[in-house]
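Engineer: below: sequence and its predicted model.
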Amino acid sequence: MKKTLFLALAVCFATALTSCKSKESAWQQAYNQATAAQATDDNTVAVAPVNNDVTVTPVTTSQNSNAAVNDPDVRTINGPLTVVSGNPLKTYSVVVGSFVNQANALSLKEQLANGGYDSRVVKTNETINGQTGWYRVIASSFNEKNSAMQSRSELRGKYAGAWLLYTR
């Protein structure tokens, strides 16, 4: 009885293993369908509608200040600036990061401080891409534009998007 049961289970097991094998023709058919679909997709161009309802930032290049003329990376921020962490701002500041989350901004500020920079975090009421209330991380702040430009040039090696903020 045990031998018969064992033999029946072995036959069932062997049948199950051999019946699960895929046939070469099934693979060939799937491959042909995929290549045909890809060939038709390559000739089709899909056009997606563009949504132009994006709110643009109030961060602008200073037009009325002779100190900011001739440098497109010198910007002003319309509205109040509140120093969240660090020393008060001077006339020119090098901005290396912008965050909606205050914790992320403070983390970058600490990294800069550990690297020897007199870093600060400033809160603005700007609206960029629908997000209001940005935290700008400032690596250094100067009274002279040339010093700020030199610091920005040094920081661009690590922070490619560094720019100058002009405060009046």
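Structural biologist: Noted; the coordinates are in hand. Numbers count the residues shown, from 1 in each chain.
Engineer: ok but residue 29 is inside a helix, no?
Structural biologist: Yes - according to DSSP: H, G, I helix; E, B strand; the rest coil, residue 29 belongs to a helix.
Engineer: burial measure for it, as a count.
Structural biologist: The local packing of residue 29 (other Cβ atoms under 10 Å) involves 11 other residues. C-beta coordinates here come from the backbone N, C-alpha and C atoms, glycine included.
Engineer: in the protein, where is pLDDT below threshold?
Structural biologist: Low-confidence segments of the chain (pLDDT under 70): 17-27, 37-71.
Engineer: tell me where it has strands.
Structural biologist: 59-61, 74-77, 81-85, 92-99, 120-124, 127-128, 131-132, 135-142, 163-166 (DSSP state E).
Engineer: can you put the ones you listed in a markdown table and add mean neighbour count and distance to residue 153?
Structural biologist: A markdown table is the format used below for the strands of the chain (neighbours: other Cβ atoms under 10 Å; distance: least, Cβ to Cβ, whole Å):
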| stretch | mean neighbour count | distance to residue 153 |
| --- | --- | --- |
| strand 59-61 | 15 | 19 |
| strand 74-77 | 20 | 13 |
| strand 81-85 | 15 | 24 |
| strand 92-99 | 23 | 10 |
| strand 120-124 | 22 | 20 |
| strand 127-128 | 16 | 25 |
| strand 131-132 | 12 | 29 |
| strand 135-142 | 24 | 12 |
| strand 163-166 | 22 | 11 |
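Engineer: could you pull out the helices for this structure?
Structural biologist: Using DSSP state H, the helices of the chain run over residues 2-19, 24-42, 102-114, 145-155.
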